[in-house]
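Engineer: Fold the stuff below for me.
(2 chains)
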Amino acid sequence: GAVVSQHPSWVICKSGTSVKIECRSLDFQATTMFWYRQFPKQSLMLMATSNEGSKATYEQGVEKDKFLINHASLTLSTLTVTSAHPEDSSFYICSASHAGGVSRADTQYFGPGTRLTVL
Amino acid sequence: GQQVMQIPQYQHVQEGEDFTTYCNSSTTLSNIQWYKQRPGGHPVFLIQLVKSGEVKKQKRLTFQFGEAKKNSSLHITATQTTDVGTYFCAGKRANDYKLSFGAGTTVTVRA
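Structural biologist: Next up is the predicted model:
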C-alpha cells in the first residue's frame, strides 16, 4: 500500500513553455500532498504544501505565480511550472500523507519524481 | 526556522565495514524519519522514530533517536554494495506538517 505515482517521469521543454506534473496517490486518500525540488547532489527542498480543496501554502522564496498547484481531489495534485526557464531544470518530487499531515505519526510517501529539463 | 544538520556528507566505505551517519536538529522533534535514495531514484521511506531514546533495527541497519529528541543516527553494519545511495534524515516538529530534510549522506562502497 501507500503508492504514489507521478507523471511524466521526465520532460524536456523549450524555454518559455509551461509544464504540468501530476501526482497521484494510488491506494489511499491524501488530504495533503507536498512538492519538493531537488537539484543535483543536494537535498530535498520543500516548495509548497498542497491541501485538497484549498489554496497551497508556499515556502519562502517560491513564486506562487510561477509554480501553480492544484489539489483537485483526494488522490490528485498537479504542479504547473509556468514560463519555464533553464534555471527551473530540476528533479521535482511529490509526496503524500494518509491524513492531514499534522499527526506526528504521519509518514510521507514519495512519488518517483519528474526530471524537468528546460532548453 | 528548523534546521536539520546531517554528517558526514559523503561516506566511502570498504565492503564489510560499518559506518554511521548522524543528524542533529536545532529544535526538539516529534519524530524523525529516514529515507534512502538510490542513484537516479526517489527517496524511499525506511523508518520513523517517535519515542525518546528509541532504537529500531532493520537487519543490518540500526536507527536511534536521542533522549532529547534532537538527534538521531543510522548505523549500518557489514556494508554491502546494495547499501549504495544517499541516506536522508527528516525531522518533524509537533503540530507541524512539514518535514525538514538533512543534506543527506551519500554512501559509496568499494569491493
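
Engineer: Is the residue nearest the centre of chain A bridged to anything, and to what?
Structural biologist: Residue closest to the mean C-alpha point of chain A, counted by C-alpha atoms, centre = their mean, is A:W35 at 3.2 Å. Here A:W35 sits in beta bridges with A:A48, A:C94, going by DSSP bridges.

Engineer: swap in A:N70?
Structural biologist: Bridge pairing for A:N70 - DSSP bridges - gives A:T78.

Engineer: cool, and B:C89?
Structural biologist: B:C89 has these beta-bridge partners by DSSP bridges: B:W34.

Engineer: Distance check, it against B:F45.
Structural biologist: Look at B:C89 and B:F45: by C-beta to C-beta, to the nearest Å, they are 12 Å apart. Just so you know, the C-beta spots here come from the backbone N, C-alpha and C atoms, and that holds for glycine as well.

Engineer: out of the two, which sits in the more crowded spot?
Structural biologist: B:C89 (31 against 16; other C-beta atoms under 10 Å in any protein chain shown).

Engineer: Just the pLDDT for that one.
Structural biologist: On pLDDT, B:C89 comes in at 96.

Engineer: Now do the same contact list for it.
Structural biologist: Taking C-beta atoms under 8 Å, 6 or more residues apart in numbering or on different chains, we find B:C89 in contact with B:4, B:6, B:21, B:23, B:32-35, B:72, B:74, B:101-102.

Engineer: got it, and B:F45?
Structural biologist: A:107-110, B:33-35.

Engineer: where does the chain have low pLDDT?
Structural biologist: Chain wasn't specified; assuming chain A. Applying pLDDT under 70 to chain A flags the ranges A:1, A:99-106.

Engineer: meant chain B actually
Structural biologist: By pLDDT under 70, the low-scoring segments of chain B are B:1-2.

Engineer: Please, where are all the strands along it?
Structural biologist: Taking DSSP state E as the test, the strands found in chain B are B:4-7, B:10-14, B:19-25, B:31-37, B:44-49, B:55-58, B:61-65, B:71-76, B:85-92, B:100-101, B:105-110.

Engineer: A:S15: what's it in contact with?
Structural biologist: For A:S15, the contact set (C-beta under 8 Å, 6+ apart) comprises A:84-86, A:118-119.

Engineer: Equivalent analysis for B:Y22, please.
Structural biologist: B:Y22 touches B:6-7, B:71-73, counting by C-beta under 8 Å, 6+ apart.

Engineer: I'd like to know how far B:T77 sits from B:Q9.
Structural biologist: Computed as C-beta to C-beta, the B:T77 to B:Q9 distance reads 21 Å.

Engineer: tell me the contacts of residue 53?
Structural biologist: This is for chain A. Counting by C-beta under 8 Å, 6+ apart, A:G53 has contacts A:H71.

Engineer: try chain B instead
Structural biologist: Listed by C-beta under 8 Å, 6+ apart, the contact partners of B:G53 are B:64-67.

Engineer: Perfect, that will be all.
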